[in-house]
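J.: Can you look at this prediction? I've put the sequence above it.
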Amino acid sequence: MTTPESPTPSEENVLVKDPAHRLRKLTNALTRYRVLAWITGVWLLILVAEMVLKYILKVDMPGWTDFIPPAHGWVYFVYLLCTLDLGIKIRWGWGKIIITCLAGTIPFLSFYFEHIRAREAKAEIADAKRSIGMK
C-alpha cells in the first residue's frame, strides 16, 4: 500500500523521464519538422508560380493545376502540427512557435527558418546527449 506522498509505480514512470527516450523524441520531431518545412516551402513556391501565371500573366491554366492550392493547404497543416510538436518538445516559447508556423506562409522563409530552428534544435539535442553521457 502506498502513502499519499509516495507515487504509484505508474506515476513514477511519468515523473522519471528516460533521457534517451527524450533524445529520440527530439531527434524524430526535428526530422519531421525539417522534412515538412522543405515540402511546405516547395509547395508554396509551386502555388505562387501557379497564381502568378493564372492571375498576373493571365495564362489559361490546365485543369490538373486545380489541386495545387488544396494540396499546399494540407501540407501546410501538417507543417503546423510538426512545428508545434517540435516547439513543445524543445520548449520554445509561444512567440517562437507562432513565428515559425507563419514562416510557412511566405515564399523562401520556410527554408530560412528551417535552417535557423534546426540549428537551435541540434544544439538542444547535443545538450541532451551530453546530459546522458553520449557524444
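T.: Looks like it arrived, so ask away.

J.: okay, CA-based contacts and neighbour counts for the rest of this
T.: Noted.

J.: Show me the longest helix that occurs in the chain.
T.: Across the chain, the longest stretch assigned as helix under DSSP state H is helix 19-51.

J.: And the next helix or strand past that helix?
T.: The helix or strand immediately downstream of helix 19-51 is helix 68-90, counting by DSSP states H and E.

J.: Counting by contacts, list what that next one packs against.
T.: Packed against helix 68-90 by the contact rule (3 or more C-alpha pairs under 8 Å, 6 or more residues apart in numbering; DSSP states H and E) you find helix 19-51, helix 94-102.

J.: Dump the last one to CSV, restricted to CA.
T.: Pointing back at helix 94-102 there. Only the C-alpha atoms of helix 94-102 are listed here, as CSV (Å, rounded to 0.1, in the frame of the first residue of the first chain):
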residue,chain,number,x,y,z
TRP,A,94,4.8,30.5,-27.9
GLY,A,95,6.1,33.5,-29.8
LYS,A,96,8.9,31.5,-31.4
ILE,A,97,6.4,28.7,-32.3
ILE,A,98,3.9,31.1,-33.9
ILE,A,99,6.6,32.9,-35.9
THR,A,100,8.0,29.6,-37.1
CYS,A,101,4.4,28.5,-38.1
LEU,A,102,4.0,31.7,-40.0
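
J.: Can you name every helix or strand that that helix contacts?
T.: helix 68-90.

J.: what's the spacing between the helix it packs on and its chain's center?
T.: 6 Å (C-alpha atoms, centre = their mean, to the nearest Å).

J.: ok, now stretch 125-135?
T.: Using C-alpha atoms, centre = their mean, the offset of stretch 125-135 from its chain centre is 22 Å.

J.: avg pLDDT for that stretch?
T.: Taken as a whole, stretch 125-135 has a mean pLDDT of 82.

J.: Check which residues of it are buried.
T.: Ile125, Ala128, Lys129 (16 or more other C-alpha atoms under 10 Å).

J.: Which residues are in contact with the second one?
T.: Yep, that's Ala128 we're talking about. Residues in contact with Ala128, defined by C-alpha atoms under 8 Å, 6 or more residues apart in numbering, are Pro19, Leu23.
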